[in-house]
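>>> Sharing a model prediction with you, sequence too.
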Amino acid sequence: MRDIGGTVREWYRRNFTFKGLGLLALLVLREVPDWFGIKDFWKSNLFTIWQFVLVHSTTALIICIGILIWLDHRAVLKKLEPKPHDPTTLKGRILQLRDDMQKFLEQLGAAPHVTREPKNLPEGTTIEAYQRKEIERVCLWSNKLMHGYALRFDQRVRTIFHECGEAGTRNDPLWIRMTREYQSEATFKEIMDDLTWLANQVD
């Protein structure tokens with residue numbers, strides 16, 4: 001039951017603000033069948049403006065409320081969008097570097113999976129030729145990772161490391177990782193974790 005409640009709250013937080021919930025409630029009240037004289041009750045107890053709303057076209061009211069709920073939903077989604085990092089602060093530059101590295105990994109994709117002994121080889125292909133081609137695919141992916149890091153991130157990581165050190169925050173494991181000649185996928189991700197740690201230490 002607690003999990004259901006948490007799921008409902010998370011769905012509400014991602015899709016509605018309090019205003020949007022109010023608009024949805026208004027739509028429900030307007031369209032509920034006239035049980036127990038509900039329509040007459042609202043007409044006789046609300047102010048003139050509410051009477052004006054209730055007697056007007058149901059279709060127009062549905063359209064208007066639907067538009068307002070949609071606009072409210074867009075506002076919620078915009079609020080949930082990640083805020084851009086401030087490039088004028090050390091923390092902002094660290095987080096931007098980490099995000100750029102994450103984006104690079106996502107664009108590169110997962111490392112190729114190599115099947116040492118495939119069950120079905122293409123006709124006319126030997127196991128040696130197949131394995132050679134698979135190795136070439138892995139090497140190409142590894143080269144893109146290693147040299148992509150060197151071209152895009154090596155100097156930026158070193159600059160951030162020294163900026164943090166000058167400000168009084170050191171991360172010696174990051175120094176060891178970033179000074180390796182080539183970066184593996186595991187080291188690449190560890191550097192990203194180091195950057196997250198540094199961002200949490202600086203103002």
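On my side now, so go ahead.
>>> Which helix or which strand is home to residue 195?
Using DSSP states H and E, residue 195 sits in helix 185-201.
>>> what packs against that helix?
Applying 3 or more CB pairs under 8 Å, 6 or more residues apart in numbering; DSSP states H and E, we find helix 185-201 packed against helix 90-108, helix 127-152, helix 154-166, helix 172-178. (Each C-beta comes from the backbone N, C-alpha and C, glycine too.)
>>> Could you export the ones you listed as a markdown table, including mean pLDDT and distance to residue 198?
Formatted as a markdown table, those follow (pLDDT from 0 to 100; distance: least, CB to CB, whole Å):
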| stretch | mean pLDDT | distance to residue 198 |
| --- | --- | --- |
| helix 90-108 | 94 | 5 |
| helix 127-152 | 86 | 18 |
| helix 154-166 | 94 | 5 |
| helix 172-178 | 91 | 7 |
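>>> rewinding a little: how far off helix 154-166 does the helix holding residue 195 point, in degrees?
Helix 185-201 runs at 40 degrees relative to helix 154-166, counting by axes from the mean of the first three to the mean of the last three CA atoms, to 10 degrees.
>>> residues of helix 185-201 that come out buried?
The neighbour-count check on helix 185-201 (16 or more other CB atoms under 10 Å) flags 187-188, 190-192, 194-195, 198-199 as buried.
>>> repeat for stretch 150-166
153, 156-157, 160-161, 164.
>>> And the buried residues of helix 185-201, which two are furthest apart?
187 and 199 (18.8 Å; CB to CB).
>>> Going by distance to residue 92, which of the buried residues of stretch 150-166 wins?
Looking across the buried residues of stretch 150-166 and measuring by CB to CB, the closest to residue 92 is residue 160, at 11.2 Å.
>>> My read is that the closest one contacts residue 198, right?
Yes: in this structure, residue 160 is within contact of residue 198 by CB atoms under 8 Å, at 7.1 Å.
>>> Residues that sit against both of the two, list them.
residue 94 (CB atoms under 8 Å, 6 or more residues apart in numbering).
>>> Pop the domain breakdown of this protein in here.
Listed by automatic domain parsing, the domain ranges of the chain are 2-80, 90-201.
>>> Now the first one: average pLDDT?
I take that to be domain 2-80. Average pLDDT, domain 2-80: 66.
>>> one step back: just name the closest of the buried residues of helix 185-201 to residue 67, please.
residue 199 (40.4 Å).
>>> The residue lying closest to that closest one once chain neighbours are set aside: how many residues sit nearby?
Take residue 199 and drop its neighbours on the chain: the residue closest to it by CB to CB, 6 or more residues apart in numbering is residue 94, 4.3 Å away. Under the neighbour criterion other CB atoms under 10 Å, residue 94 is assigned a count of 26.
>>> give the contact list for residue 94.
So residue 94 contacts 160, 164, 195, 198-199, 202 (CB under 8 Å, 6+ apart).
>>> Farthest pair within these?
Across the contacts of residue 94 (CB to CB), the longest gap, 10.9 Å, separates 195 and 202.
>>> what comes into contact with stretch 186-196?
94-95, 97-98, 101-102, 105, 145, 149, 153, 157, 160, 171, 173-174, 177-178, 180, 183.
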